[in-house]
Every structure is written in C-alpha cells, then in structure tokens.
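**Student:** Give me a model of this one.
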Amino acid sequence: MSKVVDASSKQLFGHPVGLYVLFFTEMWERFSYYGMRALLVLYLVREATADNPGLGWTDGEALALYGWYTMFVYVASIPGGWIADRFLGQKKSVLYGGILLVIGHGILAVEAMWAFYAGLGFIIAGVGMLKPNISTMVGGLYKQGDIRRDKGFTIFYIGINLGAFLSSILVGTVGEVYGWHYGFGLAGIGMLLGLSVYLFGQPYLKNVGNFFGTSVDPEEKAAMQRPLTKIEKDRVVVLLVSFLLVIVFWGAFEQAGGLMNIYASENTNRMLMGFEVPATWFQSLNAFFIIVLGTSVAAYWATRKLKGQLSTGLFKMIMGLVIMGAGFFFMTAASAEYASNGSSAMYWLVLAYLFHTVGELCISPVALSYITKLAPLKYGSIMMGVYFAMTGFGNKLAGLLGESSERLGEMTIFTGIAVFSIAFGLLVLVFRKKLEALTHGAEDDEREMLEQEGYEISDPSIN
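**Tutor:** The predicted structure follows:
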C-alpha cells in the first residue's frame, strides 16, 4: 500500500510550500493593484485634449479621489476580516476577493465613467476580502514561536513588491504609451493569473484559513467561545497603539502614488542619455529596493536577536517610521533645487525611495507578523483588517497632505512630513518598554526556539 503524503506539510527552501502559493497569489494581486495605482492619478490629471487623453482634473481633485479611494480599499479590510472570522474563513474569503478583483479590473478597461466608478467599487470590495485574510493565512502556516515566521512574512512581502515592480514597468508603460484603459485591462489579466495560482495551490493550504465554526478540534472551539483574558486584552492594547505608527507611516509613505508621482511627472528632469524616463517608472523603485534589500534587512534584525540586541517588533516599527521620515529630507532638497533651477534631478527621488523602502521593510512585514503573534485567535482576521484600515486612514491622510501642497507648497509638505514622522517615532520610543511589558512575552517563544536549535544568545534578558 502506498503512503499518502499530506501536501500541506511539504517544505520548500525551509518554508511550507503554501507560503509560495500565497506569495504568487499576492504577487499578481499587487501587480493588478499597483499597476492601476500607478496610472490612476496621472489618468485623472491628463488633459482631455492631449494625446492619450485623461479626464482633465486638477491636481487637487485627483489627489482627493486618490485619498478617498486608497482609504476605502484598506478600510474595507475590517468587514472583510469580520466576514472571514464569522462566516467564511480566510480561505474562502480570499477566493471571493480574487473574483471581485478580476471583475473590477475588467470593468475598468471599459472607456466610460460608469465603468470607472463601478470598477473602483469592485476593487475596494475585492481587496477588503483578500488583503487581511491572505496575510493571516501566512501566519497560520507557522506554529506559535516559530522563528521562521518573520522571515516568512518578509518572503511574502517580497512577492508583494515583485508584483508592484513588474506592474509599474509593464502596466505603467502600456497605460502611458498605448492607452490608459489598456493598462487597466493588463492589470486585470494579472489578477486572473493570481486567482488561478490560488486555485491550483489549494492542496498546499489544506490546514490553514479554514472557518473555525466548522472545526471539530475541541481546543479551537473553546478558544473561539471563551471571553478574552487579561493578557489577550493587554496585547490588543499594544496592537492598537502600534497602529498609530502605521497611520503616520502610510500617511507619509503614500505620497508615492500621489504628490511624489505628480512631482516626478511635472517637476523632475527625467532625461537620461537622450531618453525620457516615464514618470510611472519611479513607482517601481520602492518595489525594486524591497526585492534587493528585503532578505538583508530581515537578516540584520535576526542577527541582532541572536546577539541579544534590541530587536522587538515594536522597536523595528519605530525605527521604520524614523528612517522613512528621514527620506523626505531628500524631497526637501529636490524642492529647493526646483525653486532655483525650474527642475530637479532624478537622484533625489531615488534616494527618497531608498530610505522609504528601508523604513517600510522595518515596519510593514514586521507589523503583519506582530499581529499574528499578539492577536487573539478568534479575532485574527479582524485585527488584520483593523491594521489595513489604519493603512487606509494613512492613505487618506496622504491625500489630504497632497492636496494641501497647492496652498502650502511642496517644500513645506515634504519637510513637515520628515520632522513629524521622526518626532512621533521618538515619542513612542520613550514608552517602548512599558508597552512591551503588556505583550506578556509574546515574542519570548522565538528566543526559546533559537536556544533549542543550538543558537547562543548573548543576553537572554534582551529581546
């Protein structure tokens, strides 16, 4: 008799094969989302009488819609997480979200205003169902205390940005050169590929993302019915405080798709050896840097942990906000050069995106992992949904800041973002120890696992 092997238990490069299924699913989903995002503001502000005409909106009008749209995309993660926790489970919610996204991007390919708004609506609903739940599924691939969890999220995050990098080049070029709606249609094809990967990869996701309401495991059922303990409540408090960092971070970072996107198009000298670099290509820098630096940043923090140096999730997130904030000083320099010369060099944008990327690697994948460590089991998806909603509020804040640049000036906005981000990060750093005490050792299991695997930690009193 042949032995039956459970596909969901298989490993590849030291991680569950299911991680790579989710990696490629999210890669294509982000290909579709970031491809459309790279085009959205430029499509709105392009004159209706120009070659490849847009809608002819003002910068302020375009950034206002961008802010509302990107906010609702992520705020929809709250009902998406709630639906998963209460009715469908994460696995089915991701499936339905993928279907809604295929429909939404397909509708955007139609050249009509009703299709434009309807397509955005379907995308908002689709991301709300898919985004929080696929991230929670990644955490579910690892047991509590598994040191591979943070690295697994970093690998997953590289998948996100591989999709973003490809879309900024491919979808951005098609949209700018051949027609905006062809670009929107190409984004839809990417999402269809992601949905196909997810469907074919189901055997590797057998034990993750299932609906607890149908679980026969008595321990799982008990965990879902009992009220929260004091420890669980304290951990939720820490998560909610960490979400303030998230709002500030994304409020600054998401200038990339709005104000910095317009700045690249209108104020930057984009000539390179006789070739004018498309403005949408700058959207690929962040993703490119993540692909190149992602594992290095993760390895840096892992090495700090092994040496007994400070490397808690909250500390990483604080440092991410400070580093990202510092990157906006390069945009201050770009604005000063533009004021003097009438244009600014491309390298200012490159340096800004480099710092923003390092900051993102310290806060975003870490936050996803942090939630799966601290969130109570029965609120796993909805807490992930709250995280993405905070991302959405950050996106709305980004839109408001971008709109105010018409009144205050770009240099004021860029400098203000830099100063506030750094100051807020340092303020939270002052209260770090008190906040981490409320986690009740949620990250201690990782240290114990390292010791069991033979690693020597220099000072076990340091996280």
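
**Student:** How much space separates the residue lying closest to residue 252 once chain neighbours are set aside from residue 71?
**Tutor:** Once flanking residues are discounted, residue 252 sits nearest to residue 417: 4.7 Å by Cβ to Cβ, 6 or more residues apart in numbering. Heads up, the C-betas are built off the backbone N, CA and C, glycines and all. For residue 417, the distance to residue 71 equals 18 Å [Cβ to Cβ, to the nearest Å].

**Student:** same check, this time on residue 242
**Tutor:** 19 Å.

**Student:** what's the helix or strand for the residue nearest to residue 252?
**Tutor:** Using DSSP states H and E, residue 417 falls within helix 410-430.

**Student:** In that helix, which residues are buried?
**Tutor:** Along helix 410-430, these residues count as buried under the neighbour rule (16 or more other Cβ atoms under 10 Å): 410-411, 413-418, 421-422, 424-425, 428.

**Student:** try stretch 426-444
**Tutor:** 428, 435-436, 438-439, 442-443.

**Student:** Between the residues you listed, which sits nearest residue 113?
**Tutor:** Residue 113 lies nearest to residue 428 out of the buried residues of stretch 426-444, by Cβ to Cβ, at 43.5 Å.

**Student:** contacting residues for the closest one?
**Tutor:** 241, 244-245, 314, 318, 435 (Cβ atoms under 8 Å, 6 or more residues apart in numbering).

**Student:** Same check on residue 60?
**Tutor:** 403, 406.

**Student:** sec struct for it, please.
**Tutor:** Of the three states, residue 60 takes helix according to DSSP: H, G, I helix; E, B strand; the rest coil.

**Student:** any idea of the pLDDT on it?
**Tutor:** Listed pLDDT for residue 60 reads 83.

**Student:** same question, residue 80
**Tutor:** 90.

**Student:** is it true that it touches residue 130?
**Tutor:** Yes - Residue 80 lies in contact with residue 130 (Cβ atoms under 8 Å); the separation is 7.4 Å.

**Student:** shared neighbours of these two, anything?
**Tutor:** Contacts common to residue 80 and residue 130, judged by Cβ under 8 Å, 6+ apart, are 93, 97.

**Student:** Helices of the stretch 251-400 of the chain, start to end?
**Tutor:** 259-266, 283-306, 313-341, 346-374, 380-408 (DSSP state H, counting those that start in this stretch).

**Student:** Minimum distance to residue 143: which of those helices has it?
**Tutor:** Closest among these, using Cβ to Cβ: helix 346-374, at 11.2 Å.

**Student:** Can you mark which positions in that closest one are buried?
**Tutor:** 346, 348-349, 351-374.

**Student:** Equivalent analysis for stretch 322-338, please.
**Tutor:** 322-335, 337-338.

**Student:** For it, give me every contacting residue.
**Tutor:** The contact list for stretch 322-338 (Cβ under 8 Å, 6+ apart) reads 249, 252-253, 260, 263, 267-268, 343-345, 348-349, 351-356, 358-360, 362-363, 409-411, 414-415, 417-422, 425-426.

**Student:** what helix or strand does the nearest residue to residue 111 once chain neighbours are set aside sit in?
**Tutor:** Using Cβ to Cβ, 6+ apart and skipping residues adjacent in sequence, the residue nearest residue 111 is residue 181, 5.2 Å away. Following DSSP H and E, one finds residue 181 within helix 180-200.

**Student:** sorry, back to before: can you say which of the contacts of residue 428 are buried?
**Tutor:** Buried, going by 16+ other Cβ under 10 Å: 245, 314, 318, 435, out of these.

**Student:** Using TSV, lay out the residues you listed together with pLDDT and distance to residue 118.
**Tutor:** Shown next, in TSV, are these (pLDDT from 0 to 100; distance: Cβ to Cβ, whole Å):
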residue	pLDDT	distance to residue 118
245	94	35
314	93	41
318	96	41
435	93	43
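
**Student:** Just send those back as CSV, with distance to residue 123 too.
**Tutor:** Formatted as CSV, the buried ones among the contacts of residue 428 follow (distance: Cβ to Cβ, whole Å):
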residue, distance to residue 123
245, 27
314, 32
318, 32
435, 35
